[in-house]
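Visitor: Provided below are the primary sequence and the corresponding predicted coordinates.
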Amino acid sequence: MENNKNKNTNPKEAVTNKNVSNMKQPYNRKRRYYKYRRPYKPTVNISFKKLSIIIPLIDEEESIKPLVSAIHRSLLNKRIQYEIIFIDDGSKDNSLKIIKELNTQNKNIKYFSFQKNYGKSAALQVGFINATGHAIITMDADLQDDPAEILNLLKKLDEGYDLVSGWKKKRQDPFIKKISSRFFNFITRILTGIKIHDFNCGLKAYRNDVVKNIRVYGELHRYVPVLARWQGYKVSEIVVKHHPRRYGKTKFGISRFFKGFIDLITVLFATRYIKRPMHFFGFLGAFAFFIGIIVNGYLTYQWIIGIPLSNRPMLFLGILLIIVGVQFFSIGLLGEILVHNSMDEKEYLIKDKG
C-alpha cells in the first residue's frame, strides 16, 4: 500500500509541498507603521500681544491683495493679534476700492484715505495716531519689503530695543537710487552719530510709546531713527530681505535728492538745537564776529603803518562778517526767549515713576 501511495502522488504537488516546507515561516507580529514627523521648529516667543501693521501707499492696486495674503501667512498660528492699517495717500487707481473690499471681508483691516497726496510722513503720522498695537510695524506696499521679516523685527525689539530698522543690504533698486541712498546714509551717520546703515528703510518695528511720542511731518520719515534717538529711545537694525518691484513704477524722483539735504538740516536742528537755539546761532554768530574782528584788525594795522585801504574788498568782508555775527547772536537770544516762555512739563518724557 505504501508503494501505491507513492505511485499515486502527483510529482508537481510533491515539488510544491517541498518548496513550501523550505520557505521561511511568516512573521507573525503586526507591522507597525510610523507616521512621518516634520522636524521640530521652535516657536518664536513674542511678548507683544497685539501688533499694528501700518502700510502707506499710493497707486499700488496690483500689490495690495498679494501683500495681505503674505502678511496672513507670515503671522499664521503665531498667537499674536494683529491689525493692518492702510493709509491711501491720494491714489488715482483702484487701490482704495480694493482696500474697501478687504475691509468688508476682514474687520482687522482698516484704512484711511487722503483727499490728495500729502506725502509719506503725513501717512505715517496718521497711522501712528490710530495704531492700537503694543508693537507697530511699518512697511511699503510695493511687495519689496518681505512680511516674513516681521517676526525677526519683533524678536529683535523684544531684546530691549525701542526701534528696530531694517537694513536692505542687498538692495533690488535702480543704480541711481542705490548710490543716492548710500550717500545720504553715510552723511547721516557722520552728522548724527547713529550707527545704522539704512535710515530710510520702510520696514521698521517700534514700541507703541515711541510712535506716540515722536511727530513726523514734511519729509522727516527718512530720519525717524534720529527723532527716536533724540527722545532717548534705543535704536538698532537687522538685515532684511529686499525684493525687486513686481508691479507699477518707483516713486523715486530727482527732487528727492535735493529734499534730502534740506530734511537732514531740519532734523539736525530739530533734534539738537530746538530747545537751545543759542548754542547753534550763538556759535555761528561768535565765529563770524571774531573772523571779522581779525580781518579788520589786520587791515587797521596796515593802515597804521601807512598802507592805504582804498580799493580793499577785504575791508568790506570784515565789516560784513561782524554785522552777520551780531545778527546771528541776536537771533539766538530771541530763540532762547521763545523757548523759555513756551516751556511745558509735558515736553519731558517720563520713563518711570514711583
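Guide: Looks like it arrived, so ask away. Numbers count the residues shown, from 1 in each chain.

Visitor: For the spatially most central residue of the chain, which residues are in contact?
Guide: Centroid-nearest residue in the chain, with CA atoms, centre = their mean: Lys204, separated by 3.0 Å. By CB atoms under 8 Å, 6 or more residues apart in numbering, the residues touching Lys204 are 137-138, 153, 163-166, 224. Every residue, glycine included, has its C-beta placed from N, CA and C.

Visitor: which among these gets closest to Ala270?
Guide: Nearest to Ala270 among the contacts of Lys204 is Val224, at 12.2 Å by CB to CB.

Visitor: Beyond the helix or strand in which that closest one is found, next helix or strand please.
Guide: Assigned by DSSP states H and E, Val224 falls within helix 224-230. Using DSSP H and E, the helix or strand that follows helix 224-230 towards the C-terminus is strand 235-239.

Visitor: Show me what that next one is packed up against.
Guide: With contacts taken as 3 or more CB pairs under 8 Å, 6 or more residues apart in numbering; DSSP states H and E, strand 235-239 sits against helix 150-157, strand 163-167, helix 224-230.

Visitor: Mean pLDDT, mean neighbour count and distance to Ile319 added to the ones you listed, as TSV?
Guide: Supplementary listing: the helices and strands packed on strand 235-239 in TSV, determined by pLDDT from 0 to 100; neighbours: other CB atoms under 10 Å; distance: least, CB to CB, whole Å:
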stretch	mean pLDDT	mean neighbour count	distance to Ile319
helix 150-157	93	21	56
strand 163-167	94	25	48
helix 224-230	89	22	38
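
Visitor: Tell me the secondary structure of Ala205, please.
Guide: Secondary structure assignment for Ala205 (DSSP: H, G, I helix; E, B strand; the rest coil): strand.

Visitor: dump the residue contacts of Val239.
Guide: Applying CB under 8 Å, 6+ apart, we find Val239 in contact with 166-167, 169.

Visitor: Sorry, slip of the keys, the one I care about is Leu154.
Guide: Counting by CB under 8 Å, 6+ apart, Leu154 makes contact with 44, 46, 48, 51, 135, 137, 205.

Visitor: my guess is Ala205 meets His134, correct?
Guide: No: contact criterion CB atoms under 8 Å: Ala205 and His134 do not qualify, at 11.3 Å.

Visitor: among the helices and strands packed on strand 235-239, which is nearest Leu334?
Guide: Here helix 224-230 is closest among the helices and strands packed on strand 235-239 (CB to CB), at 23.0 Å.

Visitor: what does the closest one contact?
Guide: By CB under 8 Å, 6+ apart, helix 224-230 touches 124, 162-163, 165, 188, 192, 194, 196, 199, 204, 206, 210, 214-216, 220, 235, 267, 270-272.

Visitor: Mind checking which of those residues land in strands?
Guide: Using DSSP state E, the members of the contacts of helix 224-230 that fall within strands are 163, 165, 204, 206, 235.

Visitor: Quick one: the helices in the stretch 1-150 of the chain, in order.
Guide: All helices of the stretch 1-150 of the chain, identified by DSSP state H, counting those that start in this stretch, fall at 2-8, 11-22, 64-75, 95-105, 120-130, 150-157.

Visitor: Which parts of the stretch 251-354 of the chain are strands?
Guide: Using DSSP state E, counting those that start in this stretch, the stretch 251-354 of the chain contains no strands.

Visitor: Lovely, talk soon.
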